[in-house]
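> Here is a sequence together with a model predicted from it:
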Amino acid sequence: MLVNRRTALKQVLVVSAGLALLPSCLRKPSPASISLKNIAVDAEGENMLAALADTLIPATATPGAKDVKAHLFALTMVDDCMKKEDQQKFLTGMKAFSDLCQKKNGHSFEKSSPAEREALLKELEAADANKDAAAAFYRTAKELTIYGYTTSEYYLTKVQVYELVPGRFHGSVPVKPASKRTA
């Protein structure tokens, strides 16, 4: 087989163009915005958890759970404080939750309307967490989101002001005289 210079240059050009396009074809899921050591959550999972946090404690006159980053607190707690089997259960439940939402609503939880989100969460609230992975994920995520919100800097400084040492010392307090007793 005889190859001339023109044919060889065309082939090199086609191959290099293909190699240049290859990374865009093999798009990897983007990682979460925080670094996690023990669990693998991508940006899609983080966004779903943020939407769940926003549904549980929405922003009103005060910031919601998503605004104080309670969903990132939940991910950090799962990554740092849970046992390996509980972490795996959480990730399995997260996938089951996402699949259930896709099956019920036809799209992801983030793209669901508030009414669709509430209906799904009411269904999971009634489900048995011991038998349903999605319900177990929901309960854990709900608990960690509420805990993250109520221990956030915003909540403890603006909503329910935290006092490090409650109670005051009043050194000089007038004491009412005791009523006279008759014996």
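Nice, thanks for sending it over.

> in this structure, which spans are helices?
With DSSP state H as the criterion, the chain has helices at 5-25, 43-56, 70-81, 84-105, 114-126, 133-150, 153-154.

> Least confident of those, on average?
Of all those, helix 5-25 carries the lowest average pLDDT, namely a mean of 74.

> about what we covered before: want to try CSV for the helices of the chain, with mean neighbour count and distance to P174 as columns?
C-betas here are computed from N, CA, C, even on glycine. Formatted as CSV, those follow (neighbours: other Cβ atoms under 10 Å; distance: least, Cβ to Cβ, whole Å):
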stretch, mean neighbour count, distance to P174
helix 5-25, 9, 80
helix 43-56, 20, 49
helix 70-81, 20, 47
helix 84-105, 16, 57
helix 114-126, 14, 54
helix 133-150, 20, 39
helix 153-154, 11, 40
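
> how about the ones you listed, which one is nearest F169?
For the helices of the chain, the distance to F169 is smallest for helix 153-154, at 27.7 Å, taking Cβ to Cβ.

> follow-up on the earlier one: what would the helices of the chain look like in TSV with distance to I34?
Compiled in TSV, the helices of the chain are given as follows (distance: least, Cβ to Cβ, whole Å):
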stretch	distance to I34
helix 5-25	25
helix 43-56	8
helix 70-81	6
helix 84-105	15
helix 114-126	24
helix 133-150	13
helix 153-154	17
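
> Of those helices, which is nearest S35?
Among the helices of the chain, the nearest to S35 by Cβ to Cβ is helix 70-81 (9.1 Å).

> re earlier: of the helices of the chain, which approaches T62 most closely?
Closest among these, using Cβ to Cβ: helix 153-154, at 7.8 Å.

> So the residue nearest to A40 when sequence neighbours are not counted versus I39, what's the distance?
Among residues not flanking A40 along the chain, L91 sits closest, at 7.6 Å (Cβ to Cβ, 6 or more residues apart in numbering). With distances taken as Cβ to Cβ, to the nearest Å, L91 is found 6 Å from I39.

> Please apply the same query to N4.
Separation of N4 from I39 (Cβ to Cβ) stands at 56 Å.

> Compare those two and say which is more crowded by neighbours.
I39 (18 against 7; other Cβ atoms under 10 Å).

> Tell me which of the helices of the chain lies nearest to V173.
Nearest to V173, of all those, is helix 133-150, at 34.2 Å by Cβ to Cβ.

> what's near enough to touch Y154?
T62, P63, D67, V68 (Cβ atoms under 8 Å, 6 or more residues apart in numbering).

> now those in a markdown table, with pLDDT?
Shown next, in a markdown table, are these (pLDDT from 0 to 100):
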| residue | pLDDT |
| --- | --- |
| T62 | 90 |
| P63 | 93 |
| D67 | 94 |
| V68 | 94 |
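
> Of those - the most surrounded one?
Most surrounded of the contacts of Y154: other Cβ under 10 Å gives V68, at 22 neighbours.
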